[in-house]
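*Asks:* let's see this in three dimensions:
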Amino acid sequence: MADAEREAWITGIGMASCLGEGVETHWQALNAPPPGANATLFPPYLIHPLTPLDFDKQIPKKGDQRQMEPWQRIGTYTAGLALDSAGIKGNTEILSRTDMIICAGGGERDLAVDAAVMTGLPKATDPGTFLNERLTSDLRPTLFLAQLSNLLAGNISIVHGVIGSSRTFMGEEAAGIDALRISLSRIVAGQSDISLVGGSYNAERPDLIMLHEVADLMLKDKFKTVWARGPKGGHAFGTIGAFLVLEERAHAEKRGAKPFARLKAVVSDRSRRQPGDITAALDKLWDEISRDISPGALAVLSGATGAEPATGEERAFLKKHPELVVRATGTYLGHGLEPQFPMNVGIAALAIRHGSLFPPADSTGLEQPMTGAPQLVMVTGVGHWRGEGLALVEAVT
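*Replies:* Numbers count the residues shown, from 1 in each chain. Take a look at the predicted model:
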């Protein structure tokens, strides 16, 4: 957690989602009615697809773009937006010591190859030999999925010249929480002065929809806001790219950078997920993080997915604190797994900069209007399957 000697300022934010690209576009969209979700791309499943992006703006070489999968292009693009926002794009001296912490999934399947294997395997005289031949001849050498997650960091280094230390975290929503937690800890401990933190998720993938549908986690047929989905709810995937530039206060002041807000604390846990465990874990994290809550209006940006039992147990935790003014961004953005938490921390910083919280979008009564400017925003992240976390984002005075 941050102390009085070293602080982590958020000096750059890059965002891309169904709401558009860039911070001001997102802020305007959040202050309008929720756009709903697309029901025609992969019916009956609901998806929040990415707004069209001109990738040439941040990835000028077509060769670089061609060798990236969609999620890598989205991440590299939004990383560039964050560097632009922080005013360090192209500054080789700063970029040479800018650390990078990525939250990422395992890369994207080659669906054409998968389909050919699944079609040919039942017809093969020797299925084992057939499978081995296909795996050695049809698949890219990098398709080992635990390696693909590192490619986003590599592409950001190549395209944007970010060449400080690099770490990539896997693990769905928890990866995004811990990416920020580790970055904050390193800055506070004096191990880093500036870092690029975030990730990207491509929701428009039938293979992932299939995996989550097997677990009965997908929202189908009719769009509802996050809190209104009930015990038979689910999540509507959203394509998201989100990156933050975290910078030690003295480092930012030396170069004249203006902060959006301060990242004050990040805590995480991984409960066993028996009934009641998520609420208990959030209670524990609240006890830990509430020591850093200063007087002033406190808002909550929830990363609730809409899937159960995680969303219901987070709601039970929030109802213990009726003084908190809650908003669930998943109603607008959909759910983007790894980058959901960094995106919400970025939106919290925007709310603090604008001195207001966007209107409620909830028919159940959990979300209420807020009067006054939020001085402190708590961000929640409750994974649809594993992992819980809280962050505090504070106005810089």
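
*Asks:* for the stretch 251-397 of the chain, what spans make up the strands?
*Replies:* Along the stretch 251-397 of the chain, counting by DSSP state E, counting those that start in this stretch, strands occupy 261-269, 298-302, 325-328, 376-382, 388-394.

*Asks:* where's A203, which helix or strand?
*Replies:* If you go by DSSP states H and E, A203 is not part of any helix or strand.

*Asks:* with adjacent residues omitted, what lies nearest to it?
*Replies:* Once flanking residues are discounted, A203 sits nearest to F237: 3.5 Å by C-beta to C-beta, 6 or more residues apart in numbering. Every C-beta, even on glycine, is put in place using the N, C-alpha and C of the backbone.

*Asks:* list the contacts of that neighbour.
*Replies:* When contacts are counted by C-beta atoms under 8 Å, 6 or more residues apart in numbering, F237 is found next to Y45, I47, H48, Y201, A203, L208, I209, H212, M218, G334, H335, G336.

*Asks:* so in terms of bridging, what pairs with it?
*Replies:* I47, H335 (DSSP bridges).

*Asks:* read off the pLDDT value for it.
*Replies:* Model confidence at F237, given as pLDDT, is 97.

*Asks:* quick one: it and D362, what's the gap?
*Replies:* Going from F237 to D362 by C-beta to C-beta, to the nearest Å gives 20 Å.

*Asks:* next one: R272
*Replies:* Distance of R272 to D362, computed by C-beta to C-beta: 30 Å.

*Asks:* compare the two and say which is more crowded by neighbours.
*Replies:* With neighbours defined as other C-beta atoms under 10 Å, R272 and D362 compare such that D362 has more, 18 against 9.

*Asks:* skipping its backbone neighbours, what lies nearest the more buried one in space?
*Replies:* W227 (5.0 Å).

*Asks:* same check on M170?
*Replies:* Computed as C-beta to C-beta, 6+ apart, the closest residue to M170 that is not its neighbour in sequence is S149, at 5.3 Å.

*Asks:* now do the contacts for that neighbour.
*Replies:* By C-beta under 8 Å, 6+ apart, the residues touching S149 are I102, A104, G105, G106, G107, T168, M170.

*Asks:* apply 6 Å and report the result again.
*Replies:* A104, G106, T168, M170 (C-beta atoms under 6 Å, 6 or more residues apart in numbering).

*Asks:* burial count for the residue nearest to D362?
*Replies:* 27.

*Asks:* that one: what's it in contact with?
*Replies:* Taking C-beta under 6 Å, 6+ apart, one finds D362, T364, L366 in contact with W227.

*Asks:* and D287, what pLDDT?
*Replies:* Predicted confidence (pLDDT) for D287: 94.

*Asks:* revised request: answer the last question for L135.
*Replies:* pLDDT at L135 comes out at 77.

*Asks:* next one: G296
*Replies:* As predicted, G296 sits at a pLDDT of 64.

*Asks:* helix, strand or coil for the residue nearest to L366 when sequence neighbours are not counted?
*Replies:* Leaving aside its sequence neighbours, L366 sits nearest to W227 (C-beta to C-beta, 6+ apart; 5.0 Å). The three-state label given to W227 by DSSP: H, G, I helix; E, B strand; the rest coil is helix.

*Asks:* where does pLDDT dip in this protein?
*Replies:* Within the chain, the stretches with pLDDT under 70 are 1-4, 139-147, 295-296.

*Asks:* kindly recompute the last result at 50.
*Replies:* For the chain, applying pLDDT under 50 flags the ranges 1-3, 142, 145-146.

*Asks:* what residue of it is the furthest out?
*Replies:* In the chain, the residue that sits farthest from the middle, by C-alpha atoms, centre = their mean, is T125; the gap is 45.6 Å.

*Asks:* mind listing what it touches?
*Replies:* Contact partners of T125, counting by C-beta under 6 Å, 6+ apart, are absent.

*Asks:* let me see the backbone angles for it.
*Replies:* Dihedral angles of T125 (phi, psi; degrees, to the nearest 10) stand at phi -70, psi -40.

*Asks:* so it versus A281, what's the distance?
*Replies:* T125 is 52 Å from A281, by C-beta to C-beta.

*Asks:* ok, D138 next?
*Replies:* D138 sits 43 Å away from A281, taking C-beta to C-beta as the criterion.

*Asks:* neighbour count for those two, which is higher?
*Replies:* Counting neighbours by other C-beta under 10 Å for D138 and for A281 shows that A281 has the greater number, 22 against 14.

*Asks:* correct me if wrong: the more buried one contacts S271.
*Replies:* Yes: using C-beta atoms under 6 Å, A281 is in contact with S271, at 3.9 Å.

*Asks:* ranges for the helices of the stretch 151-300 of the chain?
*Replies:* 151-160, 173-188, 206-214, 249-254, 277-289 (DSSP state H, counting those that start in this stretch).

*Asks:* please apply the same query to the stretch 1-150 of the chain.
*Replies:* Going by DSSP H, counting those that start in this stretch, the stretch 1-150 of the chain shows helices at 23-30, 62-66, 70-86, 92-95, 111-120, 127-137, 145-148.

*Asks:* pick the most buried one from those.
*Replies:* Of the helices of the stretch 1-150 of the chain, the one with the most neighbours on average (mean count of other C-beta atoms under 10 Å) is helix 70-86, at a mean of 26.

*Asks:* so what touches it?
*Replies:* 11-14, 16, 53, 55, 58-59, 89, 151-152, 155-156, 159-160, 200, 202, 241, 243, 245.

*Asks:* related to what we said a few turns ago, wait, which of the contacts of S149 is closest to I194?
*Replies:* Distance to I194, by C-beta to C-beta, is smallest for T168 among these, at 18.3 Å.

*Asks:* number of residues surrounding the closest one?
*Replies:* Neighbours of T168 (other C-beta under 10 Å): 19.
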